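1. What follows is a predicted structure for the sequence shown.
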Amino acid sequence: MTVSLLPKANCTDPGALCTPDDRALSVAVVASVDGPPVQPQTQTQESAGGPLTASFANVPGEHDGAKFEFEVHFSEAFEVSYLTMRDEAFTVTNGRVRKAKRIDNPHNERNGLEANRKWRITVGPDGNADVTVRLPATTNCGATGALCTDDGRALSIANLLVVKGPAGLSVADAEAEEGTDPELVFAVTLDRARAEDTTVDYATSDGTATAGADYTAKRGTLTFAPGETSKTVEVTVLDDSHDEGTETMTLTLSNPSGAYLADAEATGTITNTDHMPQAWLARFGRTVAEQVIDAVEDRIRSAPRAGVEVTVAGRRIGGAAGPEDKAALEEAEEKARLAGFADWLKGGTGEQETRNRSRAVAPRELLTGSSFALTTEAGGIGGGMVSLWGRGTFSRFSGREGALTLSGEVTGALLGTDWTRERWTAGLMLSHARGEGSYREGGDSGEVDSTVTGLYPYGRYMLNDRVTVWGTAGYGAGTLTLTPEEGEPLETDMDLMMAAAGLRGVAVEAPPEGGPELAVKTDAMAVQTSSEAVRGGAGGNLAASTADVTRLRLGLEGTWRGLAIGTGTLEPRLELGVRHDGGDAETGFGLDLGGGLAWSDPATGFRAEASGRGLLTHESAGFSQRGFAGRLGWDPAPGTDRGPSLTLTQTVGLSARGGVDALLGRRTLAGLSVNDDGDELDRRRLELRVGYGFGMLGDRFTSRPEIGFGLSQARRDYSLVWRLRRDRRSGDIGSLEFALEARRQESANDNAEPQHGIAFRMTARF
């Protein structure tokens, strides 16, 4: 009787015998028990002995891709050749029998036929997969490769063995987001557990990502202890401030011991969403567009006159002067006189002071604040006026994107020509702008430089004598260079597209006898600035980037002129400013509402004024500006600087004047007061100013001494001012003034030493 325990090819087969980790029985087990003896005289050929069986011995647990050996033991000897055993007896999957050799020497007379009982079989795998070797049962002793005894007993039981291939080592791809994930984590796995240590080396290499700039290079050896199947390799991701797009590097396995490399290479992908260069593109593009818009508005504000006009540092030199020039100059001089020289030196209240005070002229502003215009009549092309003009521009900006801060300045040169006829103006402008700045985010910083040259056609149409509509659009191209603090410059091409349109003027004009008057200013601007990608340059990578910026503004100022009250005139005023900034730079909604009442009596020289305003923006921004002011003044001769004058002003909070100038005049909403230190209405200031003007040097000059006193919660101010001004003669458009001021400032609670200052100013206007 024979009992066989047979292996199965798969653990999922019915009756398969497997361990919990899916290791199947690999060798058949055969046991034979002889029956009772039979008398020789009655024994037949079929029952001359038991069945022919075989078993596998010395089977390896796994192979390493090279040849391996095992033994086959038959239950008895029989006649078979080594060719049959090598080429025909076995069925092999994922390999083949390379050699079959008798274990005992068949030429030894003592062994004889007995040498055929034990064979050593050599199998060569085709690769690293599991190798299955099957010794099938023989069903026909006449078939090729049949294993049968001389008396016709065939091999009765099939045998099967499975030799596992080497354990496979694999490494999986990894992803990380720069600035969020500190590491690329690569998973290295064995496809099955081993009873011995397994080792493998690993090393990183560059792809589009660069070691030392984007990640930290790493190499080493992993050791899998018996039973372990997984390990990780962590590669540190380096953060910076510029957007490099998606970058890749490689982790490679090598020199395995106890396993083979099933997947030896993995890709590490670093995604990047940093703010540079988009943050710069948004603000640079917006600044260039604003310089173009400012130039267009300047061109359409006044009618051209034949001749040459030259402006140096913002002041016109020469050229024909129209009535509006004199009126504008007189208005500016009156505002400067009312503001006082003390406001220029130090102190003062609010934005009105900022607009009126003088300042030193830097060399760069002397150049960029200068312009020229050459205008002639266009008699041969339909009439009108043709102008060739040029100007320089200079602007500064700053911004914040999360933890990133950046600042820059833009210098530009504009050259244009336009044609004006009656209500129409059409022109073309060539602009070349260069921006330089820096950025910082955490420990990373760098510099950025960009240039753009563009063409911008523009035009305007006067709806009537008071209201004008205008528009401009254009395209520019240039370069952007970003230089990290410890890296090579990254240079790429950039483009700028912009469009803007607006309306300005007096929508409703008060009649000569008095009445309501409404002034309006509104415009819309859209700018898109983009840069190309840089890949594999000396400084690394820079992703393509696009920045969009929009701005909508509306300003209304209503006044009721000539409202008689008693012997004086009452003038109520209402101001409204609305704006919305959108896109990829500073954004938000702003609403500024202000108003006031002014009463004046020319006969007595008394004037009283009360004003207030409030600035509202998105609550999430935390912006808040409110202010109120009251003012009393006495000037018996308001048309001249001579004679006595007195003003008393009380302010509460921030600037009491706002509306169009306070909100619409800003480049962005950024920079408005964020009141983290309490209510702005807690700020109060009282100011008194007394002066007297008299003629001297043959009445060609007016000398005016003034005494001033200011009191606020933080300080006390004392000032003594002396002005000497050349009186304007008929036909003059220029003015000359000398001013000398001494100031003393004391702390309100006397906890600091007083501060003293002396200043001298000479102002010449042409």
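-> All right, it came through fine. For clarity, every value in this text was computed on a predicted model and none was experimentally measured. Numbering: from 1, shown residues only.
2. And the helices in the stretch 301-450 of the chain?
-> Here the stretch 301-450 of the chain has its helices, by DSSP state H, counting those that start in this stretch, at 323-339, 341-345, 350-356, 363-368.
3. What mean pLDDT does the first one get?
-> Same thing as helix 323-339. Helix 323-339 shows a mean pLDDT of 41.
4. What of stretch 535-542?
-> 65.
5. now the end-to-end length of that stretch.
-> 7 Å (Cα to Cα, to the nearest Å).
6. What are the buried residues along stretch 757-766?
-> Within stretch 757-766, the residues that count as buried by 16 or more other Cβ atoms under 10 Å are residue 763. (C-beta placed from N, C-alpha, C; glycine too.)
7. Quick check: which helices or strands does the strand or helix carrying residue 570 pack against?
-> Taking DSSP states H and E as the definition, one finds residue 570 inside strand 568-583. If contacts are counted by 3 or more Cβ pairs under 8 Å, 6 or more residues apart in numbering; DSSP states H and E, strand 568-583 sits against strand 545-561, strand 563-565, strand 588-601, strand 606-617.
8. now the stretch 101-250 of the chain, which segments are flagged as low pLDDT?
-> Where the stretch 101-250 of the chain drops to pLDDT under 70, the residues are 106-112, 179-180, 240-245.
9. same question, the stretch 501-650 of the chain
-> 536-540, 617-625.
10. Look up the closest residue to the residue nearest the centre of the chain, ignoring the ones flanking it.
-> Closest to where the C-alpha atoms of the chain average out (Cα atoms, centre = their mean) is residue 275, at 1.5 Å. Distances taken as Cβ to Cβ, 6 or more residues apart in numbering put residue 401 closest to residue 275, at 4.0 Å, once the chain neighbours are dropped.
11. What of residue 427?
-> residue 418 (2.8 Å).
12. so that neighbour sits right up against residue 387, yeah?
-> Yes. Counting by Cβ atoms under 8 Å, residue 418 touches residue 387, with 5.5 Å between them.
13. higher neighbour count, those two?
-> residue 418 (25 against 21; other Cβ atoms under 10 Å).
14. For that one, list the residues it contacts.
-> Counting by Cβ atoms under 8 Å, 6 or more residues apart in numbering, residue 418 makes contact with 299, 386-387, 389, 425-428, 458.
15. Same question for residue 561.
-> By Cβ under 8 Å, 6+ apart, the contact set of residue 561 is 510, 514-517, 571.
16. repeat that with 7 Å
-> Going by Cβ atoms under 7 Å, 6 or more residues apart in numbering, residue 561 touches 510, 514-515, 517, 571.
17. do the same with residue 181
-> By Cβ under 7 Å, 6+ apart, the contact list for residue 181 reads residue 237.
18. Using the three-state scheme, assign it.
-> Put simply, residue 181 is coil when judged by DSSP: H, G, I helix; E, B strand; the rest coil.
19. Any figure for the gap between it and residue 542?
-> 21 Å (Cβ to Cβ, to the nearest Å).
20. for residue 88, same thing?
-> In terms of Cβ to Cβ, residue 88 sits 68 Å off from residue 542.
21. between those two, who's got more neighbours?
-> Under the criterion of other Cβ under 10 Å, the comparison of residue 88 against residue 542 puts residue 542 first, with 24 against 15.
22. Please name the nearest non-neighbouring residue to that one.
-> In space, residue 542 is closest to residue 534, 4.1 Å off (Cβ to Cβ, 6+ apart).
23. ok, now residue 286?
-> Nearest residue to residue 286, sequence neighbours excluded (Cβ to Cβ, 6+ apart): residue 549, at 4.6 Å.
24. Kindly report the same for residue 424.
-> In space, residue 424 is closest to residue 461, 6.0 Å off (Cβ to Cβ, 6+ apart).
25. Can you give the strand pairings for whichever strand or helix holds that neighbour, parallel or anti for each?
-> Using DSSP H and E, residue 461 maps to strand 444-462. Using DSSP bridges, the strands paired with strand 444-462 are strand 424-441 (antiparallel), strand 467-484 (antiparallel).
26. Let me know which of those strands is the nearest to residue 637.
-> Residue 637 sits nearest to strand 467-484 of all the strands paired with strand 444-462, at 36.8 Å, using Cβ to Cβ.
27. Output the closest one as PDB, nothing but the C-alphas.
-> Taking C-alpha atoms only, strand 467-484 is exported to PDB below (Å, rounded to 0.1, in the frame of the first residue of the first chain):
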ATOM      1  CA  VAL A 467     -16.700 116.000 -19.000                       C
ATOM      2  CA  THR A 468     -14.200 113.900 -20.800                       C
ATOM      3  CA  VAL A 469     -14.000 110.200 -21.500                       C
ATOM      4  CA  TRP A 470     -10.600 108.500 -22.300                       C
ATOM      5  CA  GLY A 471      -9.200 105.100 -22.900                       C
ATOM      6  CA  THR A 472      -5.900 103.300 -23.500                       C
ATOM      7  CA  ALA A 473      -4.600  99.800 -24.200                       C
ATOM      8  CA  GLY A 474      -1.400  98.100 -25.200                       C
ATOM      9  CA  TYR A 475       1.100  95.400 -25.100                       C
ATOM     10  CA  GLY A 476       4.700  95.200 -23.900                       C
ATOM     11  CA  ALA A 477       7.500  92.600 -23.900                       C
ATOM     12  CA  GLY A 478      10.700  92.300 -22.000                       C
ATOM     13  CA  THR A 479      12.700  90.200 -19.600                       C
ATOM     14  CA  LEU A 480      12.600  89.100 -16.000                       C
ATOM     15  CA  THR A 481      15.700  88.200 -13.900                       C
ATOM     16  CA  LEU A 482      15.300  86.600 -10.500                       C
ATOM     17  CA  THR A 483      18.500  86.100  -8.500                       C
ATOM     18  CA  PRO A 484      18.300  84.100  -5.200                       C
END
